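Asker: generate coordinates for the sequence data below:
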Amino acid sequence: MPIKQYRPVTKGRRISSVQDFSDITKKDPEKSLIAPRKEFAGRTNGKITVRHKGGGHKQFYRIVDFKRDKYDVIGDVASIEYDPNRGARISLVVYKDGEKRYIIAPDSLKVGQQIISTKTADIEMSVGNRLPLERIPLGALIHAVELRPGEGAKLGRGAGTLIRLMAVEGPYATLKLPSGELRNVSKNCMATIGTVSNPDYRLVRYGKAGRMRHRGIKPTVRGKVMNPNDHPHGGGEGKHPIGMKYAKTKWGKHAMGVKTRRKNLASDKLIIQRRKGKKL
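Answerer: Numbering: from 1, shown residues only. Next comes the predicted model:
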């Protein structure tokens, strides 16, 4: 998907860009595969727990099949569609028995192509097919990987994401994630061949606050321009430093360099190498 820019007739349009949408083959979603999406605006029990969220354009949620547990049934790709809830494209797959499901569209997937999900059958290693990690060639690019067998895709679902299968040894397969992390996953977990569609999604520049409000993102104000009673960084005259040894949150906690991963997780033993700049 290329990025499209318009003639800069306004200040906001000068630095902004949009998705091209030339890969979209169907405009309206499948009515049987959509559901209402309630907006909580960053609130839990009426109290704001995540700031700077709210509003946004009204959207329907597309029910995406992350498990793809319809095994050994060939499906035809009917369309490539836009999903407002994610950066990647989604594909409408019509199976031989007439059932329809949405899947995350791999890059280069074409309308009319046939795909299949299987655990045992001998199939071609083509884009869109789904099979266990132990049956995928080493070095292959994959996405939509399960963390536990039968749980559904958890890793590699974002636009343009790819995961590389490094090794299969014993009960585990070693994966290299987009973050640089090396981790083991059960070799019985399912994965889809190929990379996720819409790799240029991260290059879109929104250009103005109004477009971000359509996405449900409200403005963020720096703490140092607030008053002292509103933020620890507040107060002072002109462009001043925060005036303390370390940055703090609005509630006085450390704001930078804080470890957020919980200690003694069961999955720690499966991580071979943490993401870049992080230690085990």
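
Asker: and the residue nearest the centre of the protein?
Answerer: Geometric centre of the chain, nearest residue: residue 158, 2.8 Å, by C-alpha atoms, centre = their mean.

Asker: quick one: the helices in the chain?
Answerer: Using DSSP state H, the helices of the chain run over residues 11-15, 209-214.

Asker: and the first one, what's its mean pLDDT?
Answerer: Average pLDDT, helix 11-15: 89.

Asker: low-confidence ranges, this structure, go.
Answerer: The model of the chain has pLDDT under 70 over residues 1, 277-280.

Asker: what sits against the residue nearest to the centre of the chain?
Answerer: 86, 87, 88, 196 (C-beta atoms under 8 Å, 6 or more residues apart in numbering). For the C-beta atoms, the positions are set from N, CA and C on the backbone; glycine is no exception.

Asker: could I get the full set of strands for the stretch 101-250 of the chain?
Answerer: Here the stretch 101-250 of the chain has its strands, by DSSP state E, counting those that start in this stretch, at 114-115, 130-132, 141-143, 145-146, 153-155, 163-169, 172-176, 182-186, 190-193.

Asker: burial of the nearest residue to residue 188 once chain neighbours are set aside, as a residue count?
Answerer: Among residues not flanking residue 188 along the chain, residue 149 sits closest, at 4.5 Å (C-beta to C-beta, 6 or more residues apart in numbering). Number of residues near residue 149 (other C-beta atoms under 10 Å) recorded here: 14.

Asker: and residue 149, how far is that from residue 29?
Answerer: Distance of residue 149 to residue 29, computed by C-beta to C-beta, to the nearest Å: 30 Å.

Asker: do the same with residue 252
Answerer: 45 Å.

Asker: how is this protein divided into domains?
Answerer: In the assignment given by automatic domain parsing, the structural domains of the chain cover 3-201, 222-275.

Asker: need the winner for burial among these.
Answerer: Sort those by mean neighbour count, taking mean count of other C-beta atoms under 10 Å, and domain 3-201 sits at the top with a mean of 16.

Asker: start to end distance for it?
Answerer: For domain 3-201, the first and last residues are 8 Å from each other (C-alpha to C-alpha, to the nearest Å).

Asker: chain center to that domain, what's the gap?
Answerer: 8 Å (C-alpha atoms, centre = their mean, to the nearest Å).

Asker: please renumber the chain so that the first residue is 132 from this point on.
Answerer: Sure thing, new numbering starts at 132, so read that last one as domain 134-332.

Asker: which one of the domains of the chain lies closest to residue 340?
Answerer: Judged by C-beta to C-beta, the one of these that comes nearest to residue 340 is domain 134-332, at 8.7 Å.

Asker: which residue of the chain lies farthest from its centroid?
Answerer: Of all residues in the chain (C-alpha atoms, centre = their mean), residue 368 lies farthest out, 41.6 Å.

Asker: now it: how far from residue 355?
Answerer: 12 Å.

Asker: so what touches stretch 311-321?
Answerer: Residues contacting stretch 311-321 (C-beta under 8 Å, 6+ apart): 199, 248, 250, 261-265, 276-280, 284, 286, 297, 299, 302-308, 398, 401-407.

Asker: try it again with 6 Å
Answerer: 261, 263-265, 277, 280, 299, 303-307, 401-407 (C-beta atoms under 6 Å, 6 or more residues apart in numbering).

Asker: verify the contact between residue 219 and residue 237 for me.
Answerer: No - Residue 219 lies out of contact with residue 237 (C-beta atoms under 6 Å); the separation is 9.1 Å.

Asker: tell me, what's touching these two both at once?
Answerer: By C-beta under 6 Å, 6+ apart, no residue touches both residue 219 and residue 237.
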